[in-house]
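Engineer: have a look; sequence and predicted model below, questions after that.
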Amino acid sequence: MMHKELHIVIGAGIAGCLSAIMRSRAGYEVILLEKEEARSPGTYPVCTQTSNIVSENHSGAEYPFDPQSATDCLDGRIENERFFPDLIYGGKEYSRIIASRTMVEDGYDIVGQCRSNMEVIRSHYARRCAEDASNAVFGPPSEICREIPEVDGVNDVAAAFITPQRGINPVLVASLLEWELKQSNVDFREGSSVTSVTRLDDGRYCVEFLAVDGRITSLVADQISLCSATAAFEMANQLNSSIKLPKLFMALREILYVDLPDGTDKNFTCLKLEDSYGGMLSPLNEHCAMIYHPPAAHIMNVVMDPKTCRPPREYARYLAEGHPEMEARAERTLNRLRDFYPELRRSRILGTYLKVAINTVADSRVRRNIGVFDIQSGCTMTVLPKWTMCAVNSKKELALALQHSISAGNFKKDEARELLVQVATLRRRMQPDCTRASEITMAHAMKHAVNMKVPEVLAIRFNDGETSTASAVSARAAGCV
């Protein structure tokens with residue numbers, strides 16, 4: 001690099017963390033600004049908002065009604081498989097996509113729809129493998145999807161499918177990202193609430209923020225990355241009011257964590273289609289699970305104001321104070337899913353969470369990648385409709401950053417091309433030494449659970465249940481200690 005550029009990334013969710021990591025690995029000096037403060041000493045407050053209730057690394061099989069959603073998710077899943085180590089799965093196997101027998105009896109050919117979608121996935125995966133042999137991360141195309149007649153311990157099953165979709169553990173993801181941020185020497189500044197972003201006459205950017213000590217601080221950067229979820233849209237609009245954004249829907253949804261007092265033998269996610277006929281059971285370990293039932297979970301869906309690019313005003317209040325229907329909707333979800341998943345018979349709700357899901361259509365059965373926006377030279381904005389697309393989009397974002405540096409004379413084209421290839425092999429580097437000792441990993445993940453305001457029992461991985469730490473965490477979650 002001819003000139004050492006300073007880059008500022010705003011927001012420490014999954015998109016912001018990956019942006020900071022990728023840019024730092026490319027040789028840039030990176031400052032990551034995060035408005036939240038750590039509740040656990042010695043940790044970074046990463047993934048404390050929407051990323052705290054993510055449970056799936058989707059493969060597209062859960063979107064049988066829209067082929068583009070399926071292929072967008074599969075592209076992301078391929079990239080994530082190359083990028084992240086197995087630690088993020090916490091011992092979980094591939095998920096089961098389940099078609100409801102009752103739905104079939106009511107006249108919906110959900111099994112046929114799923115089978116058709118499996119062919120979409122196989123064909124797209126075969127094309128990706130033909131383009132580049134390194135894309136064959138799930139084996140040969142003929143084996144990427146497999147139909148099974150039933151799933152033990154699940155009621156109302158017409159057919160089921162095993163695909164590369166795989167459940168993740170959000171607190172393990174946070175632990176891993178923090179480790180890599182530190183390894184990459186990213187300057188992480190918590191408690192930094194951005195108040196304005198302006199472009200200077202020389203093409204650089206001035207970022208003003210309220211620092212953790214309460215003082216207004218400003219920094220000047222060569223490039224900036226907007227990764228602060230819904231808040232990023234307004235910043236982008238203020239920098240470039242002529243930017244063309246697609247029509248965006250912001251859906252307010254409710255997700256639950258529940259305990260599993262009777263345990264579970266499912267070290268995989270069950271996603272039972274479709275809408276009122278099913279819902280998701282995603283065990284994080286033998287002691288707790290995330291659950292989701294669309295009719296109860298989908299609270300509101302509002303189009304973003306195209307002029308101000310601000311999220312709906314009431315969303316901020318609901319996210320801070322809760323929605324008046326949260327408790328009733330949570331009970332409705334748990335009661336309905338007990339019909340399908342017997343291990344929920346004696347479950348209690350450990351936590352109820354609201355999130356804003358961004359989409360380009362009102363229909364939740366469609367989830368296409370929105371991608372990375374080139375707001376103006378040296379400024380990008382990343383929008384993640386699905387966690388699955390995080391690595392794909394972070395590579396696109398880095399490509400835009402490198403292109404700006406080439407134009408500024410700070411990078412050579414060949415050098416930039418080489419860097420983009422190298423980041424695809426980051427998986428081998430993102431494996432902290434502490435993962436070899438389960439109790440150390442668990443203790444650190446517990447600290448992130450506190451930061452993320454989720455139950456500490458999430459820190460237990462499958463097959464960690466016999467350790468003393470796991471027993472203590474499990475007992476605390478059950479109210480025994």
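Structural biologist: Yep, it's here.
Engineer: ok, which stretches of the stretch 351-481 of the chain are helices?
Structural biologist: Taking DSSP state H, counting those that start in this stretch as the criterion, the stretch 351-481 of the chain carries its helices at 390-407, 413-423, 438-452, 468-477.
Engineer: can I get the ones you listed in TSV including mean neighbour count and mean pLDDT?
Structural biologist: (Glycine included, C-beta is placed from N, CA and C.) TSV is the format used below for the helices of the stretch 351-481 of the chain (neighbours: other CB atoms under 10 Å; pLDDT from 0 to 100):
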stretch	mean neighbour count	mean pLDDT
helix 390-407	21	94
helix 413-423	14	82
helix 438-452	21	88
helix 468-477	17	57
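Engineer: how about those helices in CSV, adding distance to residue 359?
Structural biologist: Listed next are these as CSV, based on distance: least, CB to CB, whole Å:
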stretch, distance to residue 359
helix 390-407, 15
helix 413-423, 28
helix 438-452, 24
helix 468-477, 33
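Engineer: of all those, which one is nearest residue 87?
Structural biologist: Ranking the helices of the stretch 351-481 of the chain by their distance to residue 87 (criterion: CB to CB) puts helix 438-452 first, at 7.7 Å.
Engineer: which other residues reach that closest one?
Structural biologist: 36, 38-40, 42-43, 45-48, 51-52, 87, 169-172, 174-175, 178, 434-435, 455-461, 464, 467-470, 473 (CB atoms under 8 Å, 6 or more residues apart in numbering).
Engineer: out of the helices of the stretch 351-481 of the chain, which is closest to residue 204?
Structural biologist: Across these (criterion: CB to CB), the nearest stretch is helix 390-407, sitting at 11.3 Å.
Engineer: which regions of the protein sit below the pLDDT cut-off?
Structural biologist: 1-2, 424-438, 465-481 (pLDDT under 70).
Engineer: look up how far residue 32 lies from the spatially most central residue of it.
Structural biologist: Taking CA atoms, centre = their mean, the centroid of the chain lies closest to residue 387, which sits 2.9 Å from it. Note on residue 387: its distance to residue 32, by CB to CB, to the nearest Å, is 19 Å.
Engineer: buried residues in stretch 315-323, which are they?
Structural biologist: The neighbour-count check on stretch 315-323 (16 or more other CB atoms under 10 Å) flags 315, 318, 319, 323 as buried.
Engineer: count of neighbours near residue 336?
Structural biologist: Counted with other CB atoms under 10 Å, residues neighbouring residue 336 total 18.
Engineer: name the helix or strand for it, please.
Structural biologist: helix 326-337 (DSSP states H and E).
Engineer: who's in contact with that helix?
Structural biologist: In contact with helix 326-337 (CB under 8 Å, 6+ apart) are residues 254, 256, 258, 279, 281, 291-293, 295-297, 299, 323, 344, 347, 349, 352, 354.
Engineer: surely residue 30 forms part of a helix?
Structural biologist: No - counting by DSSP: H, G, I helix; E, B strand; the rest coil, residue 30 is not found in a helix; it is strand.
Engineer: in this structure it contacts residue 7, no?
Structural biologist: Yes - using CB atoms under 8 Å, residue 30 makes contact with residue 7 at a distance of 5.1 Å.
Engineer: one step back: for the buried residues of stretch 315-323, give me TSV that also has secondary structure.
Structural biologist: Below are the buried residues of stretch 315-323 laid out as TSV (three-state DSSP):
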residue	secondary structure
315	helix
318	helix
319	helix
323	coil
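Engineer: dump those residues into TSV; add distance to residue 108 as well.
Structural biologist: Conversion of the buried residues of stretch 315-323 to TSV gives the following (distance: CB to CB, whole Å):
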residue	distance to residue 108
315	33
318	33
319	34
323	30
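Engineer: longest helix in this structure, please.
Structural biologist: Determined from DSSP state H, the single longest helix within the chain is helix 110-131.
Engineer: the next helix or strand after that helix packs against which elements?
Structural biologist: Beyond helix 110-131 on the C-terminal side, the first helix or strand identified by DSSP H and E is strand 146-148. Other elements packing on strand 146-148 under the criterion 3 or more CB pairs under 8 Å, 6 or more residues apart in numbering; DSSP states H and E are strand 157-167.
Engineer: partner strands of the strand it packs on, parallel or antiparallel?
Structural biologist: Using DSSP bridges, the strands paired with strand 157-167 are strand 56-57 (antiparallel), strand 94-100 (antiparallel), strand 146-148 (antiparallel).
Engineer: closest one to residue 13 among those?
Structural biologist: Between residue 13 and the strands paired with strand 157-167, the shortest gap by CB to CB is with strand 56-57, which sits at 15.9 Å.
Engineer: next SSE downstream of that closest one?
Structural biologist: helix 67-83.
Engineer: the residue in the chain sticking out farthest from the centre: what's it in contact with?
Structural biologist: Most distant residue from the mean C-alpha position of the chain: residue 201, 36.2 Å away (CA atoms, centre = their mean). Contact analysis of residue 201 by CB under 8 Å, 6+ apart lists nothing.
Engineer: re the thing from before, just the buried positions in the longest helix of the chain, please.
Structural biologist: Neighbour-count burial for helix 110-131 flags 110-111, 113-115, 117-118, 120-122, 124-126, 128-129 (criterion: 16+ other CB under 10 Å).
Engineer: contacts for it, please.
Structural biologist: 59-61, 63-65, 67, 70-71, 74-75, 78, 97, 99-100, 103-104, 135-136, 138, 140-142, 144-145, 147, 158-159, 161, 163, 273-274, 277.
Engineer: just to revisit the earlier point, what's the distance between the residue nearest to the centre of the chain and residue 14?
Structural biologist: In terms of CB to CB, residue 387 sits 6 Å off from residue 14.
Engineer: do residue 47 as well
Structural biologist: Taken as CB to CB, the span from residue 47 to residue 14 is 6 Å.
Engineer: tell me, what's touching the two both at once?
Structural biologist: Listed contacts common to residue 47 and residue 14 are 173, 177; contacts here mean CB under 8 Å, 6+ apart.
Engineer: surely residue 197 is in a strand?
Structural biologist: Yes - assessed by three-state DSSP, residue 197 belongs to a strand.
Engineer: got a list of what it touches?
Structural biologist: Neighbouring residues of residue 197 by CB under 8 Å, 6+ apart: 10, 205, 206, 207, 208, 224, 226, 235, 238, 239.
Engineer: and the gap between it and residue 418?
Structural biologist: Residue 197 is 31 Å from residue 418, by CB to CB.
Engineer: go on, residue 356?
Structural biologist: Residue 356 is 38 Å from residue 418, where distance means CB to CB.
Engineer: ok, now residue 51?
Structural biologist: Using CB to CB, residue 51 is found at 31 Å from residue 418.
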